[in-house]
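Engineer: quick check, what structure comes out for this input:
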Amino acid sequence: MRKLFLPIVFACSLPALTMAQQSDSLMLRRIADEVLTHSPAYENLRTLTKKIGGRLAGSPQMAKAEKWGVEALKVAGADTVYLQECMVPHWVRGAREEARIISRRRDFVPPLQVLALGNSVGSSPAGVTAPVLEVTSFDDLEAKKDHVKGKIVFYNYPFNPTFIKTFHAYGDAVQYRGQGASRAAKYGAVAVIVRSMSHSTDNYPHTGAMTYDSAYPKIPAVAIGLKDAERLSLRVKDDPSAQVFLRTNCRMLPDTIGHNVIAELRGSKYPDQYITVGGHLDSWDVSEGAQDDGAGCVQSIEVLRAFKALGIQPARTLRVVLFANEENGTRGARKYAAEAKARNEKHIFALESDAGGFTPRGFSSTMDADKKAIMISWKPLFEPYGLHDFEEPGGGTDVGQLHQALGTPMAELYPDSQRYFDIHHAPNDVFEGVNKRELELGAFGMAGLIYMVDLNF
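Structural biologist: Got it, this is the predicted structure:
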């Protein structure tokens, strides 16, 4: 049977709102119409990902991305655009990683799909060959510590599938990527293999930053794809002769100069008060960084463009910041926060998009209870656009530095997270995986929230 769908008149919901809310609702409708009809965010993202690609801090692509950001913000209509210098780490992956199971058995064993973790040291040119000790947690490592020496420790800790919001699963598992190498080196391990931070069904390995404890030797660290993690787990249980050969070629070079790209739309009443909105411009080298965090960058640019296109002059100065070096150091955010503190700047609010360009569901935030209550009261204004989750605590990694330094209220766009860790820090984080409509709805949500904050905070 053919169904007839009648258009819903948005204004019909207005009688349930106060007079002030009705005015705000109409303005949010204008912002939504502008973004959903005229936004260049998707094409901006295409340029960033396809013409520049992966943008790891210290790389030539980082410098190209900074130039792109300057031009994109000028085109968006910023009053001023400038670069804020900061020193960034310069880690280089080098030649492709190699990993394979070596066994006395004569069956064919395909190579293991691995990626060196960011900031890891490389192996020797000859590589590392050693038996594998599988552990399922740090407690398991402690229980087996007498058997670690001379082994490759394999952290096989999966994402917890019972967490509905998958960032909670990431927060639970990421300790093995970040601390695993040094925890194993403490007992004499020669390398570590870490199950990728993902619950995907493919075999892409997912890289990401790790750190070393200076008290212990630095050993090579790699992430392994999920299918190969299961294959390796079965093999070491079934084949006492199994060893793994691992060769990585990464190295850390001296720090180099990077930049935050900053644009301002000057405030009409309080130009010396600031509202920050941003994403991070860097990405891991193995992907195009489309969802992480090209999406956040183009959405932040779109906030400024939409304001300019609609003639919205904010009371406070709106700053768009494309942060440098979020992935393996947060040097850009630290510099931005330090400069703001040194200049005694007054920062009213900071918003970030760094959870992908998927369908927006709301905002996580950390702020005083009175402001949180005000923000939650706006939920009816955003619910017609699918944004309904305003209670989640949190805030982005980059704006978190500003919150820590100045106590600035912070928030982060909270998209649907179910697909995010399928592509996070992996080679399949590409432009083709971003949906134009979802990206634009997120940009509207950010612009709408900034509009409301500027009026009410």
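Engineer: any idea which element D255 lies in?
Structural biologist: strand 251-265 (DSSP states H and E).
Engineer: flag every buried residue along that strand.
Structural biologist: The neighbour-count check on strand 251-265 (16 or more other C-beta atoms under 10 Å) flags M252, G258, H259, N260, V261, I262, A263, E264, L265 as buried. Heads up, the C-betas are built off the backbone N, CA and C, glycines and all.
Engineer: repeat that for stretch 282-291.
Structural biologist: D282, S283, W284, D285, V286, S287, E288, G289, A290, Q291.
Engineer: and what of stretch 388-401?
Structural biologist: Buried, per 16+ other C-beta under 10 Å, within stretch 388-401: F390, E392, G394, G395, G396, T397, D398, V399, G400, Q401.
Engineer: again with stretch 149-162
Structural biologist: Buried-residue list, stretch 149-162, by 16+ other C-beta under 10 Å: K151, I152, V153, F154, Y155, N156, Y157, P158, F159.
Engineer: what sits up against it?
Structural biologist: With contact meaning C-beta atoms under 8 Å, 6 or more residues apart in numbering, stretch 149-162 is reached by 128, 130-137, 141, 166, 168-170, 172-173, 176, 180, 184, 187-195, 197-199, 224, 229, 232-233, 236, 244, 246, 421.
Engineer: ok now the helix or strand of the chain with the lowest mean pLDDT, how far from the chain's centre?
Structural biologist: Ranked by mean pLDDT, DSSP states H and E, the weakest helix or strand in the chain is helix 19-38, scoring a mean of 94. The chain centre lies 28 Å from the centre of helix 19-38; the measure is C-alpha atoms, centre = their mean, to the nearest Å.
Engineer: so which residues make contact with it?
Structural biologist: Counting by C-beta under 8 Å, 6+ apart, 10-11, 13-14, 17, 41, 302, 306, 309-310, 312, 378, 380-382, 385, 437, 440-441, 443-444, 447-448, 451-452, 455 sit against helix 19-38.
Engineer: of those, grab the buried ones for ChimeraX.
Structural biologist: Those of these that count as buried under 16+ other C-beta under 10 Å are selected in ChimeraX with:
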select :41,302,306,309,310,312,378,381,382,385,440,441,443,444,447,448,451,452
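Engineer: dump the buried residues of strand 251-265 to CSV, plus pLDDT.
Structural biologist: Below are these laid out as CSV (pLDDT from 0 to 100):
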residue, pLDDT
M252, 97
G258, 98
H259, 98
N260, 98
V261, 99
I262, 99
A263, 98
E264, 98
L265, 98
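Engineer: now for those residues, which pair is the farthest apart?
Structural biologist: Of all pairs drawn from those, the greatest distance, 38.4 Å, lies between M252 and L265 (C-beta to C-beta).
Engineer: in stretch 309-328, which residues are buried?
Structural biologist: Under the neighbour-count criterion of 16+ other C-beta under 10 Å, stretch 309-328 has 309-310, 312, 314-328 buried.
Engineer: repeat that for stretch 200-218.
Structural biologist: S200, N203, Y204, P205, H206, T207, G208, A209, M210, T211, Y212, Y216.
Engineer: try stretch 231-239
Structural biologist: Quick answer for stretch 231-239 (16+ other C-beta under 10 Å): R231, L232, S233, R235, V236.
Engineer: give me the residues contacting that stretch.
Structural biologist: 101, 103, 105, 109, 112, 132, 134, 154, 156, 193, 224, 242, 244.
Engineer: repeat that with 10 Å
Structural biologist: 99, 101, 103-105, 107, 109-110, 112-113, 131-134, 136, 152, 154, 156, 193, 195, 203, 224-225, 228, 242-244 (C-beta atoms under 10 Å, 6 or more residues apart in numbering).
Engineer: mind listing which of those are in helices?
Structural biologist: D228 (DSSP state H).
Engineer: residues of stretch 70-84 that come out buried?
Structural biologist: V70, A72, L73, A76, A78, V81, L83, Q84.
Engineer: where along the stretch 201-350 of the chain do the helices fall?
Structural biologist: Taking DSSP state H, counting those that start in this stretch, the helices of the stretch 201-350 of the chain run over residues 226-238, 295-310, 331-342.
Engineer: what's the most buried one of those?
Structural biologist: Comparing the helices of the stretch 201-350 of the chain by mean neighbour count (mean count of other C-beta atoms under 10 Å), helix 295-310 ranks first with a mean of 27.
Engineer: looking at that helix now, give me its mean pLDDT.
Structural biologist: Mean pLDDT, helix 295-310: 98.
Engineer: what angle separates that helix from helix 19-38?
Structural biologist: Helix 295-310 and helix 19-38 are oriented at 110 degrees to each other (axes from the mean of the first three to the mean of the last three C-alpha atoms, to 10 degrees).
Engineer: send me helix 295-310 as PDB with only the CA atoms.
Structural biologist: Output in PDB follows, covering the C-alpha atoms of helix 295-310 (Å, rounded to 0.1, in the frame of the first residue of the first chain):
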ATOM      1  CA  ALA A 295      34.600  16.000  10.700                       C
ATOM      2  CA  GLY A 296      35.100  18.000  13.900                       C
ATOM      3  CA  CYS A 297      37.200  20.600  12.100                       C
ATOM      4  CA  VAL A 298      34.800  21.200   9.300                       C
ATOM      5  CA  GLN A 299      31.900  21.300  11.700                       C
ATOM      6  CA  SER A 300      33.600  23.900  13.800                       C
ATOM      7  CA  ILE A 301      34.300  26.000  10.700                       C
ATOM      8  CA  GLU A 302      30.700  25.700   9.700                       C
ATOM      9  CA  VAL A 303      29.600  27.300  13.000                       C
ATOM     10  CA  LEU A 304      31.400  30.500  12.100                       C
ATOM     11  CA  ARG A 305      30.200  30.400   8.500                       C
ATOM     12  CA  ALA A 306      26.600  29.900   9.400                       C
ATOM     13  CA  PHE A 307      26.700  32.800  11.900                       C
ATOM     14  CA  LYS A 308      28.300  35.000   9.200                       C
ATOM     15  CA  ALA A 309      25.800  33.900   6.500                       C
ATOM     16  CA  LEU A 310      22.800  34.700   8.800                       C
END
